[in-house]
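**Student:** sequence and predicted structure are below.
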Amino acid sequence: MTESPRVRRIRSGVPALPPRPATGGTRDRILLAGLRLFAEHGFHGTSIRDIAAESAVQSASLYAHFPSKEAILAELVLAGHEEHHTRLVTALLKSGTDPRDRLAALVRAHVQAHIDYPMLAVVANNEMHALSIAAAAPAVAVRRRSEALLAEVLVIGHQQGVFDLVHPEATAAAIGSMGIRVANWYPAPTADLSPSQLADAYASLALRMAGARKH
């Protein structure tokens, strides 16, 4: 069976996590092993033995760091959502008050996060459904805060007359969805764009979708 482009990218990529306190050691090896395997095979297609073998630890040692396979996925999903949210907040703080500038800044940060951590983004977005409601709750709360940032910018822009929105919720969903897909296809031989150029292109598309009036 021919591998899909996404699987080829995962196999050739290096699993990476955002910087955080107390990184390194066995715990990180387990997380990075889980990240690669969940991205390639999905949560249900990966066993705890697979993760132990990939991280070069005994299953008993793995359980000393994580009580279950779900706990590994939950930490990865939360890490992806927290990194994404931090970038959105930082972008807004630097963007000024004009809703057009704020929307462009949000989208650039959204896209750049999916470029910088594509494997983590794939797992955080595609495998979150495998978590129980309780295990997913922390990441769901972060995701809702991120969605609220975009929704607020669109609504304020519409109220100020700089955006001509057909439907605010649909527009927000469309803008968010197109950014998420970047992790699945970029870089691609047919996309002759640097990461910053791609982020700018998506920001321009988002402004068009919002019906932004020129400055």
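**Tutor:** Received the coordinates, thanks. Residues are numbered from 1 along each chain as shown.

**Student:** quick check: closest non-adjacent residue to the most centrally placed residue in the chain.
**Tutor:** Central residue of the chain (C-alpha atoms, centre = their mean): A121, 3.6 Å from the mean position. Nearest residue to A121, sequence neighbours excluded (C-beta to C-beta, 6 or more residues apart in numbering): A183, at 3.8 Å. Bear in mind the C-beta positions are built from the backbone N, C-alpha and C, glycine included.

**Student:** same check on H65?
**Tutor:** R27 (4.8 Å).

**Student:** burial count for that neighbour?
**Tutor:** 18 (other C-beta atoms under 10 Å).

**Student:** show me what counts as buried in whichever strand or helix holds it.
**Tutor:** R27 belongs to helix 25-41 when assigned by DSSP states H and E. Buried positions in helix 25-41, judged by neighbour count with 16 or more other C-beta atoms under 10 Å: 27, 29-40.

**Student:** I'd like the next helix or strand past that helix.
**Tutor:** helix 48-55.

**Student:** returning to that earlier point: next SSE after the helix or strand harbouring the residue nearest to A121?
**Tutor:** Secondary structure from DSSP H and E places A183 in helix 182-185. Next along the chain after helix 182-185, taking DSSP H and E as the criterion, comes helix 195-209.

**Student:** can you list contacts of that next one?
**Tutor:** 100, 103-105, 107-108, 110-112, 115-116, 171, 174-175, 178-179, 182, 186, 191, 193 (C-beta atoms under 8 Å, 6 or more residues apart in numbering).

**Student:** could you list every helix and strand in contact with the helix holding A183?
**Tutor:** helix 5-12, helix 99-116, helix 118-126 (3 or more C-beta pairs under 8 Å, 6 or more residues apart in numbering; DSSP states H and E).

**Student:** can you say which of the ones you listed is nearest to K69?
**Tutor:** helix 118-126 (12.8 Å; C-beta to C-beta).

**Student:** what's the angle between the closest one and helix 25-41?
**Tutor:** 70 degrees (axes from the mean of the first three to the mean of the last three C-alpha atoms, to 10 degrees).
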